[in-house]
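Undergrad: Task: produce atomic coordinates for the following.
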Amino acid sequence: MNMKKYLKKISPLLILVITLFLSTCDSPLSDEELDDPSLIAPDITLEKNINYETRSVIHIATAHLYDKNFNLVRIEDGGVRVGDTNLDLKQNILGGYYYETTDIAVNNDVTYHVVITMSNGDTYDAYVTTQSAELYEFVLPEEHDHGLDMDIQWAAASSDSMQIVWDYNTDEESGTGIIEIPSQFWQSGEYTIPASELSDLAGYDVNFTIQSIKLGQISESFRTGRIIRSVFSITQQSSIQ
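TA: Coordinates of the predicted model:
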């Protein structure tokens, strides 16, 4: 991954997100019974993504449980569930464990109850009420000159924040980054991406994913950094010239 391009695009807060992404090895806490919730910071996302390129719709719930060093934790004899659906335990290429399921429907204006069970059977709650209106359209040019501002449109949105996540992959390299959409544009359905955000993307077929994000509530028994969010997103591709 071309991290230079990534870091050029994002705020200091999002650098923390990258740190979490890169520090995803298995935590020592995974090798022992874990009863103390203050040792972990859950990062929980419920998402519905519409991908125009693959003509697919994906509903997914993921839970990453981080220790103080931002490594991933598997709870011995415990787990995570959304409603009556248990999330499956999975492992990434660096050996870190996380929880995930696609056996879920993420719909608008619904309150989802997430339960995290510790090794001793104690349970801790998180809740998120999804956006009252979900994204159902994302418009951007099929081709675009990197030296010009790019006009985008969407419909509709009801969010605590909105952003564009971009990525590309070739045989030689890959890149990814985030463009924050200022709050005054969230309800307008229109935004102009400055040309300065596109300067490093010339020559690539870039996937742009618009995300509407809404935050929920999670037990304060967990570490600082705990979060639960719902995300409605749409992915569209543009060839940047």
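
Undergrad: where are the low-confidence patches of the protein?
TA: 1-24 (pLDDT under 70).

Undergrad: Helices of that one, start to end?
TA: With DSSP state H, the ranges of helices along the chain come out as 3-8, 12-22.

Undergrad: Without its sequence neighbours, what residue ends up closest to Asp103?
TA: Thr85 (5.6 Å; CB to CB, 6 or more residues apart in numbering). Yep, even glycine has a C-beta here, placed from its N, CA and C like the rest.

Undergrad: these two touch, right, the one you found and Ala105?
TA: No. Using CB atoms under 8 Å, Thr85 makes no contact with Ala105, being 9.9 Å away.

Undergrad: These two: who's more crowded?
TA: Using other CB atoms under 10 Å, the more surrounded residue of Thr85 and Ala105 is Thr85, with 13 against 9.

Undergrad: What spatial separation is found between the more buried one and Asn92?
TA: 21 Å (CB to CB, to the nearest Å).

Undergrad: Over to Asn71?
TA: With CB to CB as the criterion, Asn71 and Asn92 are 11 Å apart.

Undergrad: which of the two has more neighbours?
TA: Asn71 (21 against 13).

Undergrad: Make sure that one is actually in contact with Gly95.
TA: No. Asn71 lies out of contact with Gly95 (CB under 8 Å); the separation is 9.5 Å.

Undergrad: overlap in contacts of those two?
TA: Common contacts of Asn71 and Gly95 (CB atoms under 8 Å, 6 or more residues apart in numbering): Cys25, Asp26.

Undergrad: List the residues that contact the residue nearest in space to the middle of the chain.
TA: Relative to the mean C-alpha position of the chain, the nearest C-alpha, by CA atoms, centre = their mean, is the one of Thr45, at 6.5 Å. By CB under 8 Å, 6+ apart, Thr45 lies in contact with Ile60, Ala61, Thr62, Ala63, Ile228, Arg229, Ser230, Val231.
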